[in-house]
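Asks: Next one to model:
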Amino acid sequence: MEAAAPIVNFTSLQKRYGGGPLVLDGLNLTVSPGDFVSFIGPSGCGKSTVLKIISGLSPGTVGQVTVLGTTPKQSRDRQAFIFQDATLLPWRTAQLNVELPLRLRGMAAAERAAKARQMLALVGLGGEGGFYPRQLSGGMKMRVSIARALALAPQLLLLDEPFGALDEMSRNRLNEELLALRRSSPFTAMFVTHSVAEAVFLSNRIMVMSVNPGRFHAEVRVDFPYPRLAGLRARPEFQARVNEVSRLLHEVEAPVYA
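Replies: As a prediction, the model looks like this:
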């Protein structure tokens, strides 16, 4: 039986902006269907740049990148990107924000309205479709952003610290909801975070990055089975994996001088 084609593949990837120093150097990575890969590392190590290259927002400088068997730009219609900010249009309701990418794809009005209602219900906002972003909490706005992304049924979901601005309780709850959504709408995920516990809870693979330039310092495999529920965080083996990733992260952190 043939192995499934990779979702993302990097070979000797480098990135620099103009004539500046290398931002990323020598990245090699193969992401398989169904992987949930998190990137963690010091600020400035290029985590977000990796996602921008995959999405086609920023080209690599040297090396090869394939996404869903083609170039990043050619695969855009099979990807979705969730940013740090919910990036909702303030003059559109939650319903119309979710409908927007479907409208841009040319979906008929009745079909896209039904799809948007379905996705809002899926993220627990079935009664808030008529609300504007200013009427929603930070966690609710991020749920709308997730609903908008999943409405496109992406094969690859890119997430750039989407829960970083939320309190711990909201973040944990959205982590659990994201994994639940993944069971009903399967996708491969690549996730940037500064939270070790978040990376361990969500991922089956964690890439620890070093800085100046950004490189993969280590990969940690997280073998807890899915579905993962809130109680996992209280288990000793979960804390052991958090400690392992924290130790690797400490190895690549720049020293702080008084």
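Asks: Tell me which residues of the helix or strand of the chain with the lowest mean pLDDT come out buried.
Replies: Least confident helix or strand of the chain, by mean pLDDT, DSSP states H and E, is helix 168-184 with a mean of 90. Residues 170-179, 181-182 are the ones in helix 168-184 that count as buried (16 or more other CB atoms under 10 Å). Placement of C-beta: from N, CA and C, glycine included.
Asks: can you tell me which residue is nearest the centre of this structure?
Replies: L159 (2.1 Å; CA atoms, centre = their mean).
Asks: Next up, phi/psi of that residue, please.
Replies: phi -130, psi 120 (degrees, to the nearest 10).
Asks: starting at the chain centroid, how far to the next helix or strand after the least confident helix or strand of the chain?
Replies: Using DSSP states H and E, the next helix or strand after helix 168-184 towards the C-terminus is strand 188-192. Put simply, strand 188-192 sits 4 Å off its chain's centre (CA atoms, centre = their mean, to the nearest Å).
Asks: So what's the gap between the very next helix or strand once past strand 188-192 and the chain middle?
Replies: The first helix or strand that comes after strand 188-192 along the chain, using DSSP H and E, is helix 196-202. Offset of helix 196-202 from its chain centre (CA atoms, centre = their mean): 12 Å.
Asks: Can you tell me which helices and strands helix 196-202 packs against?
Replies: strand 36-40, helix 168-184, strand 188-192, helix 236-252 (3 or more CB pairs under 8 Å, 6 or more residues apart in numbering; DSSP states H and E).
Asks: Output these in a markdown table, with distance to G46 appended to each entry.
Replies: Below are those laid out as a markdown table (distance: least, CB to CB, whole Å):
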| stretch | distance to G46 |
| --- | --- |
| strand 36-40 | 9 |
| helix 168-184 | 23 |
| strand 188-192 | 10 |
| helix 236-252 | 12 |
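Asks: can you tell me which of the ones you listed comes nearest to R103?
Replies: helix 168-184 (22.1 Å; CB to CB).
Asks: and the angle for that closest one with strand 36-40?
Replies: Inter-element angle recorded for helix 168-184 and strand 36-40: 150 degrees (by axes from the mean of the first three to the mean of the last three CA atoms, to 10 degrees).
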